[in-house]
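>>> Quick one, fold the following:
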Amino acid sequence: MTPTDSADFEQMFEWAPISLWLEDFSALKDLFDDWRAAGVTDLEAHLRANPTRVQQCAAGIRILQVNRQTLTLFGAASLEELQQRLPDVFRGDMFTTMLPEMLSLWNGRLDYSNQTVNYALDGRRIDVAIRVRVLRGHEDRWDRVLISLEDTTAAVQTRRQLAASESHARDLFHYSPVSLWVEDFSGVKQLLEEVRAQGIQDFRVFLSVHPEFVGRCMEEIRVLEVNRQTLTMFGAASQEELLGNLGKVFRDEMHDTFAEQLIDLWNGKTEQVREVVNYGLGGALINIHMQFAVLPDHADDWGLVLVSLVDITARKKAEAYLEYLGKHDSLTRLRNRAFYVDELNRISRKGPWPLGILVMDLNGLKRINDSEGHVVGDALLRRAGEVLASASAGQPGCMARIGGDEFVALLPGADERAAQELKGRIESMIELNNQFYPGHALSLSIGIASASRASEVEDALHAADRAMFDAKARFYRDGRQERRRAPG
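Down below sits the predicted model:
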């Protein structure tokens, strides 16, 4: 090497943009040779047997020169300061730090690289990519070894932050209190595009003609991952069990619901909200509030879709119960007056005709309430409700309690003869009921009428009401006569 070449090399070393160390490993080479001569074959076991041997290895390395970038990186004013404070630079377990490098050299690999951690003199952590290379011409003695340290702190921190962010996102997914599904709809999109390429414009009509297309699309959905709440909601022990039984989850009503979802997708609606019905693996119906969204980065292929499911079964049951209370009398379980009024108005507008009407009144309720209290009276009302519900079971119409002791049956499409048949069933069931229940006898006064058109409805109600009052008068008159004939 000419003096000019040597000067150029010195400048390249000094001004290199990464940390460079020129070191002498010849004492380490001699130490290794002595150990081999003494019969050592497994360096790692030899070092583990006596930790002070690692110190011997470290002592066999001598720093000859470092460049400016090294001093800058570690915050040292000079090579002398850096050498004096090397324990601050190479912190931690020396065995763990040095072992990979020592094993590489022991096994004859004179070019070694690794990722490790050093520390600046002010305490800053520095992640570095280290490369150790015995220079050419010095392979026999290891007296010239070039070590480069590339500061990878920023990249490592970025990767660490990315890993933490991914871990955070995964935890949010898995521990979410709602059911989350990650799905691939790319196969569905391809099927829709094939249909569009055939010139189909009205997709709803297409589905009505080809309902099997909905099933084909359902088969193309790939579920990629579900979270813990999903397994809990559907009663699955694992994701594998759930995905292996999706036919039990998505069935019956889901066909029509998914058809509507496909129509929305056809029309470009890639974010959807709807209420659906699924089933747990045990067969229980689950009412669900579903939110569906094709993720923005996959808008072109629908390759990633997030579906969230919230179990609203309890809410649906509460709504159904409130709706039931709004239409039913809580004591007798029959329809209430509000429902009766709505039904009467509906039939008056739309029919069908004729309309059979039964007006009924519970006999003796006021006397029982006054003499024995409303608890006994309520029990009699419940018995009336049982009888009327059973007598009208399976028949179209409205059986309602419209007042304290007043009941009405509306029979759309039934004439007066059909109303008489219902009256006969009611009276037969009252007789049976009185045989079953001891104490107060159940008795209803019943009036019948019918209307052939809307204009006759009000008159028919009045006629049935008058017939009921006539029956009630006979009930009380017959009762007084029986009391007079009874032996004193």
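
>>> Look at the residue nearest to Asn267 when sequence neighbours are not counted and say how many residues are nearby.
Spatial nearest neighbour of Asn267, chain neighbours left out: Phe203 (7.8 Å); criterion: Cβ to Cβ, 6 or more residues apart in numbering. All C-beta spots, glycine's among them, are computed from the backbone N, C-alpha and C. Counted with other Cβ atoms under 10 Å, residues neighbouring Phe203 total 18.

>>> Could you shift the numbering so residue one becomes 9, and keep it that way?
New numbering, starting at 9: the last item is Phe211.

>>> my guess is Phe211 contacts Asp272, does it?
No - the pair Phe211 and Asp272 does not pass the contact test of Cβ atoms under 8 Å, sitting 10.0 Å apart.

>>> can you pull the contacts of the residue nearest to Asn275?
By Cβ atoms under 8 Å, 6 or more residues apart in numbering, Phe211 lies in contact with 203, 270-271, 274-275.

>>> Kindly recompute the last result at 10 Å.
Neighbour list for Phe211: 200, 203-204, 221, 267, 270-271, 273-275 [criterion: Cβ atoms under 10 Å, 6 or more residues apart in numbering].

>>> Could you do Gly145 as well?
Gly145 neighbours (Cβ under 10 Å, 6+ apart): 151-152.

>>> Send over stretch 61-72 as PDB, restricted to the C-alpha atoms.
Extracted C-alpha coordinates of stretch 61-72, given in PDB (Å, rounded to 0.1, in the frame of the first residue of the first chain):
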ATOM      1  CA  ARG A  61     -13.000 -17.300  31.500                       C
ATOM      2  CA  VAL A  62     -15.300 -14.800  29.800                       C
ATOM      3  CA  GLN A  63     -13.300 -12.000  31.500                       C
ATOM      4  CA  GLN A  64     -10.100 -13.700  30.000                       C
ATOM      5  CA  CYS A  65     -11.700 -13.500  26.600                       C
ATOM      6  CA  ALA A  66     -12.600  -9.800  27.100                       C
ATOM      7  CA  ALA A  67      -9.000  -9.100  28.300                       C
ATOM      8  CA  GLY A  68      -7.700 -10.600  25.000                       C
ATOM      9  CA  ILE A  69      -9.200  -7.800  23.000                       C
ATOM     10  CA  ARG A  70      -7.400  -4.500  22.600                       C
ATOM     11  CA  ILE A  71      -8.800  -1.400  21.000                       C
ATOM     12  CA  LEU A  72      -6.300   0.200  18.600                       C
END
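
>>> Helix or strand next in line after the stretch of helix or strand Thr105 belongs to, which one?
Assigned by DSSP states H and E, Thr105 belongs to helix 102-114. Once the chain leaves helix 102-114, the next helix or strand it forms, by DSSP H and E, is strand 119-127.

>>> Parallel or antiparallel, which strands does the next helix or strand after that following strand pair with?
Of the helices and strands lying after strand 119-127 in sequence (DSSP H and E), the nearest is strand 133-142. Under the criterion DSSP bridges, strand 133-142 sits next to strand 119-127 (antiparallel), strand 153-159 (antiparallel) in its sheet.

>>> how about a markdown table for these, with mean neighbour count and mean pLDDT added?
Output for the strands paired with strand 133-142, formatted as a markdown table (neighbours: other Cβ atoms under 10 Å; pLDDT from 0 to 100):
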| stretch | mean neighbour count | mean pLDDT |
| --- | --- | --- |
| strand 119-127 | 15 | 91 |
| strand 153-159 | 19 | 94 |
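
>>> Now render these as JSON lines, adding distance to Ile134.
What follows is the strands paired with strand 133-142, written out as JSON lines (distance: least, Cβ to Cβ, whole Å):
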{"stretch": "strand 119-127", "distance to Ile134": "5"}
{"stretch": "strand 153-159", "distance to Ile134": "6"}
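
>>> Nearest to Pro185, out of these?
strand 119-127 (39.2 Å; Cβ to Cβ).

>>> quick one: the closest one to helix 102-114, angle?
Orientation check (axes from the mean of the first three to the mean of the last three Cα atoms, to 10 degrees): strand 119-127 against helix 102-114 gives 160 degrees.

>>> on that earlier part again, quick one: mean pLDDT for the helix holding Thr105?
In this model, helix 102-114 carries a mean pLDDT of 86.

>>> residues contacting the spatially most central residue of the chain?
Among the residues of the chain, the one closest to the centroid is Ser187, at 0.8 Å (Cα atoms, centre = their mean). Ser187 makes contact with 234-242, 286, 294, 296, 298, 315-319 under the criterion Cβ under 10 Å, 6+ apart.

>>> On the pLDDT front, check it for me.
96.

>>> same question, Ala24
Taking Ala24 on its own, its pLDDT is 91.
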